[in-house]
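Novice: sequence isn't available, so here's the structure alone:
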């Protein structure tokens, strides 16, 4: 079964696609502008953009002669929700570390 | 360049691997117990476990005749940190929705 969380997770698993998300977070951009920093063909970048579109992370609109891409970050909220299930594990470790340092401080001041 | 965020992102991009993380969140388990709910060979499950180990999400210890797996969720913190950069996008949308409903309420009460 493939749900949207799968599409989103696959989309963000690639560093080029994360870089495209980072670029679009600064504002909408044409595909050619998005592609410029990458040592990759425009076709290669387009393939990555398609994966992002399928996950609902990028919207494409036609403006003039070229497509403009816009970030649609909401699906990342599902990933955040999935991760939050496990947050107690690293919180617990931070708590233990904090108690350890607190204990060390108390022993020093005694 | 491959850093650990890449390994972690790839590890959690697969639904079987996310299910293994979910199982280990309930406590350490033997590989055969982890594999039981999946219609997949033990070799197939072992491959997924190796991807999780490479990402630092699973620790393996030898207890008796079989390996025991334990969750090590801390690397997910890096993913949470990456996602938090984009949180303002869905927060902004929620704010707009909230203002819209607030406005609707005020107009109704006038």
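Specialist: Arrived safely, thanks for sending. As the structure is a prediction and not an experimental result, all values here were calculated from the model.

Novice: okay, and the beta partners of the closest residue to residue A:28 other than its chain neighbours?
Specialist: In space, not counting the residues next to it along the chain, residue A:28 is nearest to residue A:70; the distance is 4.3 Å by CB to CB, 6 or more residues apart in numbering or on different chains. The way it works is simple: take the backbone N, C-alpha and C, and place the C-beta from them, glycine included. As for beta bridges, residue A:70 partners with residue A:59 under DSSP bridges.

Novice: isn't residue A:70 right next to residue A:61, touching?
Specialist: Yes - contact criterion CB atoms under 8 Å: residue A:70 and residue A:61 qualify, at 6.8 Å.

Novice: what about these two, which has more around it?
Specialist: residue A:70 (12 against 9; other CB atoms under 10 Å in any protein chain shown).

Novice: give the contact list for the nearest residue to residue A:30 once chain neighbours are set aside.
Specialist: Using CB to CB, 6+ apart and skipping residues adjacent in sequence, the residue nearest residue A:30 is residue A:66, 4.8 Å away. Shown in contact with residue A:66 (CB atoms under 8 Å, 6 or more residues apart in numbering or on different chains): A:30, A:31, A:32.

Novice: go with 10 Å
Specialist: The contact partners of residue A:66, by CB atoms under 10 Å, 6 or more residues apart in numbering or on different chains, come to A:30, A:31, A:32, A:33.

Novice: repeat that for residue A:42.
Specialist: Per CB under 10 Å, 6+ apart, neighbours of residue A:42: A:31, A:32, A:34, A:35, A:36.

Novice: over to residue A:40?
Specialist: A:16, A:46, A:47, A:48.

Novice: can you give me the helices for chain A?
Specialist: A:4-12, A:15-24, A:31-35, A:42-54, A:76-84, A:87-109 (DSSP state H).

Novice: for those helices, give me TSV that also has mean pLDDT.
Specialist: Formatted as TSV, those follow (pLDDT from 0 to 100):
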stretch	mean pLDDT
helix A:4-12	95
helix A:15-24	96
helix A:31-35	92
helix A:42-54	96
helix A:76-84	91
helix A:87-109	69
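
Novice: pLDDT score for the residue nearest to residue A:30?
Specialist: With respect to pLDDT, residue A:66 has a value of 80.

Novice: still on that earlier bit, between residue A:70 and residue A:61, what contacts are shared?
Specialist: Common neighbours of residue A:70 and residue A:61 (CB under 10 Å, 6+ apart) are residue A:28.

Novice: put the buried members of the contacts of residue A:66 into a ChimeraX selection.
Specialist: To isolate the buried ones among those in ChimeraX, judged by 16 or more other CB atoms under 10 Å in any protein chain shown, type:
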select /A:31
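
Novice: what's around residue A:38, how many residues?
Specialist: Residue A:38: 15 surrounding residues under other CB under 10 Å.

Novice: my guess is it contacts residue A:32. True?
Specialist: No - the criterion here is CB atoms under 10 Å, and residue A:38 misses it with residue A:32 at 11.2 Å.

Novice: which residues do these two both contact?
Specialist: residue A:45.

Novice: hang on, the earlier thing: looking at the contacts of residue A:40, state which has the most neighbours.
Specialist: residue A:48 (20 neighbours).

Novice: and residue A:27, what are its phi and psi?
Specialist: phi 140, psi 160 (degrees, to the nearest 10).

Novice: quick check: it touching residue A:34?
Specialist: No - using CB under 10 Å, residue A:27 is not in contact with residue A:34, being 11.1 Å away.
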